[in-house]
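Q: build me a structure from this.
(one chain, ligands or ions: 1)
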Amino acid sequence: MICIGIESTAHTLGLGVVESREKRIKVLVNRTWKYPSITEGYVPFKLAEHHADNAGALATELKNTGLKPDLVSYSQGPGIGHSLHVGFIIAKTISNTFDVPLVPVNHAIAHIEIGKSECRTKNPLIVYVSGGNTQIIIQKDKYEVVGETMDMGLGNMLDQLGRKLNLDPPDAVGVLKEAEKTKDFTNLPYTVKGMNFSFTGLLTAALKSREKKDKICFSAQETAFSMLVEACERALCHYHSKEVLLVGGNARNRRLREMLSIMSASHGARFCAPSDEYCGDNAAMIALTGLVSWKGVEFKNAGPRQKMRVDDSKIMKNKYYLAK
Ligand SMILES: [Fe+2]
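A: Got it, this is the predicted structure:
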C-alpha cells in the first residue's frame with residue numbers, strides 16, 4: 001500500500017509518501033517547505049499564507065512521483081489552527097482526487113511512531129521535546145504522560161532566548177551554536193517537581209542576565225537539559241525501562257542526546273533517537289502513522305483539532321519497521 005502524508009501543524013508544510021512491504025515501511029518522499037525563523041516569532045496567518053503559497057509546489061512534487069496512493073493522511077493536531085486548516089484542505093483535495101480514505105493523524109504520536117520504527121525499540125521510555133511540547137511518556141494500552149512541562153515547551157524557551165538575544169539563526173539552533181563557544185557557567189533557576197519541570201523562571205533569569213551571550217546560552221541549555229534528564233532518570237527507575245527514546249524537533253540537539261545517553265547507560269538502558277530528518281516536523285512520519293493506523297479509524301468529523309494530546313489517541317499495535 002502507498003500512503004501520502006501532509007504535515008502543517010506549525011512552521012513546516014510537508015509532503016511524505018511511504019510504501020508498506022509486509023512489516024517494513026519504505027519512505028519514498030519526505031519533502032518540507034519551512035517558514036524561516038524570524039526575530040518577531042511566528043504569526044499564525046503568515047504561516048497559513050506560507051503553506052498556501054507552497055501548496056502548488058507540493059502538488060507538482062506529488063504529480064512528478066507518478067504514484068497513486070491508497071490512503072491520504074494528515075496532521076490533525078495539536079498545532080496552530082490556521083496552519084492545520086491549510087494542510088487539511090490540501091489532504092482532503094488529494095483524497096477526493098484519488099477517491100481514497102482520508103486518515104487523521106495525531107502529530108505527537110507520529111513523532112513517536114517514526115522514532116520507534118527507525119530505532120526498532122520495544123517499549124521505551126519516550127522523551128518528546130519540541131517547541132510546544134516537552135513530555136516524558138510511557139506506553140501501556142495507550143500513551144501516558146508521566147512527566148511534562150508545567151508551562152512552556154523546552155523548544156519554545158530556547159527559541160525565545162535565541163530571538164531575544166538576536167542570535168543567528170534566532171532560535172534554538174542559534175542557542176546551540178552560541179553555547180558551543182564556551183564552558184563558562186552561571187547559575188539559572190532549576191525547577192523540577194517530581195517528574196514535572198518548568199522553564200519560564202529560567203528564561204526570565206537568562207534574559208535579565210548581564211553575562212556574555214555564549215555564557216547565557218551554555219548555562220540555559222545545561223540547566224534546562226539537566227532538569228529534563230533528572231525527571232527522565234526518575235521515570236526510568238520508577239518504570240524499570242530498558243530503553244530511552246528521544247523524539248521531536250529538539251531531539252536533534254547533540255548535547256541533549258549526550259546527556260540522556262550518559263544517564264541511560266548508567267542504568268543499563270539503551271538510548272536512541274531517530275535520524276535528523278525524522279526529528280523535526282516532517283510528513284514521512286504522518287504518512288507512516290496513517291498507514292499503520294487507518295484500520296478502525298473514525299473518519300467522520302475528522303477536521304483539525306488544535307488541542308490534541310499524545311494521550312488522546314490509541315497506540316499502534318502493529319509491529320513494523322522503517323526499511324533502511
Ligand atoms: Fe512536531
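
Q: okay, now the unreliable bits of this structure?
A: Judged by pLDDT under 70, the chain has its weakly predicted residues at 296, 298-301, 316-318.

Q: residue numbers of it in contact with the ion?
A: Residues of the chain lying close to the ion (CB under 5 Å from the ion) are 130, 281. Every residue, glycine included, has its C-beta placed from N, CA and C.

Q: hmm, what's the outermost residue in the chain?
A: Relative to the C-alpha centroid of the chain, counting by CA atoms, centre = their mean, R210 is the outermost residue, at 32.5 Å.

Q: tell me the secondary structure for it?
A: Classification of R210 using DSSP: H, G, I helix; E, B strand; the rest coil returns coil.

Q: how close does it get to T39?
A: Separation of R210 from T39 (CB to CB, to the nearest Å) stands at 21 Å.

Q: for I262, same thing?
A: From I262 to T39 the distance is 34 Å (CB to CB).

Q: W33 sits in which helix or strand?
A: strand 24-34 (DSSP states H and E).

Q: what's near enough to touch I114?
A: Shown in contact with I114 (CB atoms under 8 Å, 6 or more residues apart in numbering): 247, 274, 278, 282, 284-285, 288-289, 322.

Q: burial count for E148?
A: A count of nearby residues for E148, using other CB atoms under 10 Å, gives 18.

Q: got it, and K324?
A: For K324, the count of nearby residues is 6 (other CB under 10 Å).

Q: outline the domain layout of the protein.
A: The chain breaks down by automatic domain parsing into domains covering 2-111+280-322, 121-277.

Q: excluding sequence neighbours, find me the nearest residue to the residue of the stretch 201-324 of the chain found nearest the ion.
A: The minimum distance from the stretch 201-324 of the chain to the ion, using CB to the ion, falls at D281 (4.4 Å). Leaving aside its chain neighbours, D281 sits nearest to T12 (4.1 Å; criterion: CB to CB, 6 or more residues apart in numbering).

Q: would you mark the buried spots in the one helix or strand A231 maps to?
A: Using DSSP H and E, A231 sits in helix 213-239. By 16 or more other CB atoms under 10 Å, the buried positions in helix 213-239 come out as 213-225, 227-229, 231-236.

Q: what of stretch 200-207?
A: 200, 202-203, 205-206.

Q: list the contacts of it.
A: 151-152, 157, 160-161, 164, 188-191, 216, 219-220, 223-224.

Q: distance from the chain centre to that stretch, please.
A: Centroid separation for stretch 200-207 versus its chain: 23 Å, with CA atoms, centre = their mean, to the nearest Å.

Q: what helix or strand is the spatially closest residue to R254 that is not a sequence neighbour on?
A: Among residues not flanking R254 along the chain, L176 sits closest, at 7.9 Å (CB to CB, 6+ apart). Using DSSP H and E, the element containing L176 is helix 172-179.

Q: and that helix, what does it pack onto?
A: Contact analysis of helix 172-179 by 3 or more CB pairs under 8 Å, 6 or more residues apart in numbering; DSSP states H and E lists helix 154-164, helix 213-239, helix 254-266 as its packing neighbours.

Q: change it to 6 Å
A: On a contact count with 3 or more CB pairs under 6 Å, 6 or more residues apart in numbering; DSSP states H and E, helix 172-179 meets helix 154-164, helix 213-239.

Q: which of the contacts of stretch 200-207 lies closest to N106?
A: Distance ranking of the contacts of stretch 200-207 against N106, using CB to CB, places M152 first at 21.1 Å.

Q: isn't the closest one up against F199?
A: Yes - between M152 and F199 there is a contact under CB atoms under 6 Å: 5.3 Å.

Q: neighbour-wise, which of these two wins?
A: Ranked by neighbour count (other CB under 10 Å), M152 and F199 place F199 first, with 28 against 18.

Q: thought that one was touching M150?
A: No - here F199 lies out of contact with M150, judged by CB under 6 Å, at a distance of 8.7 Å.

Q: all strands of the stretch 1-150 of the chain, in order?
A: According to DSSP state E, counting those that start in this stretch, the stretch 1-150 of the chain carries its strands in the segments 2-7, 12-21, 24-34, 71-77, 102-106, 125-129, 134-139, 143-148.
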